[in-house]
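S.K.: how would this look folded up:
(chains A and B)
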Amino acid sequence: MTVVFKKTEGLTDTPFTYCPGCTHGIIHRLVAEVLEELDMLDRSVAIASVGCSVMSYEFFNCDAIQAAHGRAPAVATGVKRVRPDSIVFTYQGDGDLASIGSGEIVQAAHRGENITVIFVNNAIYGMTGGQMAPTTLPNQVTTTSPFGRDVTLSGEPIRMSELMATIPGAAYIERVMAADPVSVRKAKKAIKKAFEYQRDHKGFSMIEVLSSCNIGWGLSPVDSLKYIKNEMQSYYPLGVFKDKGAQE
Amino acid sequence: MKKVLMKGNEAIAQAAIAAGCEAFFGYPITPQNELIEYMSKYLAKNKGVFVQAESEIAAINMVYGAAGAGARVMTSSSSPGIALKQEGISYCAGAELPCLIVSISRGGPGLGGILPAQGDYNQATRGGGNGDYKVIVLAPNGVQEATEMVRKGFELAEKYRNPVMVMADGVIGQMMEPVMIDETPLPKIEKSWAATGQSRTRGSRNVINSLYLKPSQLEQHNFDLRDKYDVIEENEVMVEMFNMEDAEIAVVAYGTPSRIVKSAIEQLREEGVKVGLIRPKTLYPFPHKEIHEAAKNLKFLLSAELSMGQMVVDVKLAVNGLAPVHFYGRAGGMIFEPKEIIDAVRKHMGGE
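M.R.: Numbers count the residues shown, from 1 in each chain, chains lettered A, B, ... in the order given. As a prediction, the model looks like this:
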């Protein structure tokens, strides 16, 4: 019998804790498949963050360290510096990376740490019940912006990929989305390239993946994917914002 | 080993390198700057990892990562910086990671000042991090002992898989003293739990974590930590008893102030006053039993600190009503002289 599809070795058998319809599961699979395809599972250390992906240390089938809220890039720095032959990646949401951890992510890139960052942006604090994040879209209703995000009071949403691309130490920054089969395949390509950069000692890479939170957004899973494609993508354009490899 | 004249901060750094410290993550703050500067130069020369972090918070989280990956690792800071590290110290304690934190303490609260003080006794022994945890706290009285406690600190951290703090007041960090540093590296400990990346070779995944969402599991974790602290309290207390054999009065002091107290005691002894010194070398575990036993023969105790009264609470708990416990303290970088201690002892001898 021919096997046409098989679950990647990069994921454990532990059932995901994500809500049905959420695209975290897809992004996990992409990362896991890449680790397996690049034969990195025996040298990888995953750094789990705080938020919906707090349990990701249970899902990635490799060594893992659970980090404090926002500190994953600092923890990754500690691991990578003492184990330079290992493959170290963080998996962080937008509350974790763009708010409480904005200092750590900027400085890890600034030092040019040879790590890979998977940044899952769903424009909301999902785990804690759908509060406003720095990435929440203008006028978007959340549990702490019940009348819609007022940009005169809360600022305009922060575009992390664009910001990170300005840092000299960053080697590869790309924004992708997980909204349909085509975009998912493109996302995997970007994630793979990011891990290849780390393997080839090219330095810091971050892949921002526009992701859904159908529960927090109050939309059906199908409408959430449309929301990524239309609302999210129009504010957060896809593309490569920095590629030191291409510049060479 | 040869005797050299070294500044405390540099001697502490050299002792750490000699003991086999593999990685240092720090952030500049007075009065510990010579420590991070020394590390940036000499740890790198010893093929170690040196990173100047963007903040104390990042530094302790780098320690958490490097310790989780199995390295012998440390950080250093001073009072406001140690305050920032509390989050990460709690995570290290929760995930049971061995690491060394050197605190060269200064006056507070807030930005306070940069001169020596002991207002961080509670910060060190109680901590500012969340949850039920303990940090082993070693308190040297000079440069030589500081180097020995750095070495001892790594040993205890790895023995118990627990954060250890060497808390030295700013005097020790800044003064020069003759010192002999033990240059023998500590043996490498097998860390089968470390997240090194090699899950396939090992045959199982290693996960460093302090999250337990099931209450019964978290309670069991708390029970296990408590059991570990019980063993530490039973076996690791260090205390110096000076002139205590026939003492009727005891002054309790730690760190460099204990040396000023010794001078006071010597003068009082010349005048026939039977007074001794109890010097806790471990602030956690605190020498409760030793002080309680001593108190049975004492008219009173005087806790002398460069604070407004922190260790005195532990002294009272240890004495448990057996004798009166008095307090004398200075703060803000002001350091008491022997005469002040003599006067304080005499005042309480007068029956006040």
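
S.K.: contacts only, for the closest residue to residue B:290 other than its chain neighbours.
M.R.: Excluding the flanking residues, the one nearest residue B:290 by C-beta to C-beta, 6 or more residues apart in numbering or on different chains is residue B:239, at 5.1 Å. For glycine as for every other residue, the C-beta is placed from the backbone atoms N, C-alpha and C. Neighbouring residues of residue B:239 by C-beta atoms under 8 Å, 6 or more residues apart in numbering or on different chains: B:278, B:279, B:280, B:281, B:282, B:287, B:290, B:291.

S.K.: same thing but at 6 Å, please
M.R.: B:280, B:287, B:290 (C-beta atoms under 6 Å, 6 or more residues apart in numbering or on different chains).

S.K.: quick check: buried residues in stretch B:179-191?
M.R.: B:179, B:181, B:186, B:189, B:191 (16 or more other C-beta atoms under 10 Å in any protein chain shown).

S.K.: right, is that stretch up against chain A?
M.R.: No. Applying C-beta under 6 Å from any C-beta of the partner chain, one finds stretch B:179-191 separated from chain A by no less than 11.7 Å.

S.K.: and that stretch, what's its mean pLDDT?
M.R.: Mean per-residue pLDDT for stretch B:179-191: 96.

S.K.: neighbouring contacts of that stretch?
M.R.: B:1, B:3, B:6, B:11, B:14-15, B:18-20, B:70, B:143-144, B:147, B:151, B:154, B:158.

S.K.: tell me how many other residues crowd whichever residue of the stretch 51-200 of chain B sits closest to chain A.
M.R.: Among residues of the stretch 51-200 of chain B, the one nearest chain A by C-beta to the nearest C-beta turns out to be residue B:65. It sits 2.7 Å away. Neighbourhood size, residue B:65 [other C-beta atoms under 10 Å in any protein chain shown]: 34.

S.K.: shouldn't it be in contact with residue A:71?
M.R.: No. The pair residue B:65 / residue A:71 is not scored as a contact, 8.8 Å apart, by C-beta atoms under 6 Å.

S.K.: ok, residue A:61 to chain B distance?
M.R.: 7 Å (C-beta to the nearest C-beta, to the nearest Å).

S.K.: how about the nearest residue to residue B:55, chain neighbours excluded?
M.R.: In this structure, residue B:55 finds its nearest non-sequential neighbour in residue B:27, 6.0 Å apart by C-beta to C-beta, 6+ apart.

S.K.: setting aside sequence neighbours, what's the nearest residue to the residue of chain A at minimum distance from chain B?
M.R.: Closest approach of chain A to chain B (C-beta to the nearest C-beta) occurs at residue A:78, with a separation of 2.7 Å. Setting aside the residues directly before and after it, residue A:78 is nearest to residue B:65 in space (C-beta to C-beta, 6+ apart), at 2.7 Å.

S.K.: pLDDT of the host helix or strand of the one you found, averaged?
M.R.: In this structure, residue B:65 sits in helix B:56-68 according to DSSP states H and E. Mean pLDDT, helix B:56-68: 98.

S.K.: what stretches of chain A score poorly on pLDDT?
M.R.: A:248 (pLDDT under 70).

S.K.: what residues does it have near chain B?
M.R.: So chain A meets chain B at A:42-45, A:57, A:62-66, A:68, A:71, A:74-75, A:77-79, A:81-83, A:86, A:104, A:107 (C-beta under 6 Å from any C-beta).

S.K.: mind listing the helices for chain A?
M.R.: A:24-37, A:72-82, A:94, A:102-110, A:151-154, A:160-165, A:181-199, A:214-217, A:221-227, A:233-235, A:244-247 (DSSP state H).

S.K.: so which elements touch the first one?
M.R.: Here helix A:24-37 is seen to pack against helix A:181-199 when contacts are counted using 3 or more C-beta pairs under 6 Å, 6 or more residues apart in numbering or on different chains; DSSP states H and E.

S.K.: show me what the helix it packs on is packed up against.
M.R.: Short answer (3+ C-beta pairs under 6 Å, 6+ apart): helix A:181-199 packs on helix A:24-37, strand A:116-121, strand A:170-177, strand A:204-210.

S.K.: take these and write them to TSV, including mean neighbour count and distance to residue B:226.
M.R.: Formatted as TSV, the helices and strands packed on helix A:181-199 follow (neighbours: other C-beta atoms under 10 Å in any protein chain shown; distance: least, C-beta to C-beta, whole Å):
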stretch	mean neighbour count	distance to residue B:226
helix A:24-37	22	36
strand A:116-121	27	37
strand A:170-177	25	45
strand A:204-210	29	41
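
S.K.: quick one: closest of those to residue A:244.
M.R.: Comparing those against residue A:244 with C-beta to C-beta, the closest turns out to be strand A:170-177 (4.4 Å).

S.K.: wait, what's in contact with the residue lying closest to residue B:241 once chain neighbours are set aside?
M.R.: Leaving out its chain neighbours, the residue that sits closest to residue B:241 by C-beta to C-beta, 6+ apart is residue B:278, at 6.2 Å. For residue B:278, the contacting residues are B:250, B:252, B:291, by C-beta under 6 Å, 6+ apart.

S.K.: let me know the closest of these to residue B:167.
M.R.: residue B:252 (16.1 Å).

S.K.: what's around the closest one, how many residues?
M.R.: Applying other C-beta under 10 Å, I find that residue B:252 has 28 neighbouring residues.

S.K.: that one touches residue B:303, doesn't it?
M.R.: Yes. Residue B:252 lies in contact with residue B:303 (C-beta under 6 Å); the separation is 4.8 Å.

S.K.: tell me which parts of chain B are close to chain A?
M.R.: So chain B meets chain A at B:23, B:49, B:54, B:58, B:61-62, B:64-66, B:68-69, B:71, B:87, B:91, B:195, B:197-201, B:205-209, B:211 (C-beta under 6 Å from any C-beta).

S.K.: thanks a lot, catch you later.
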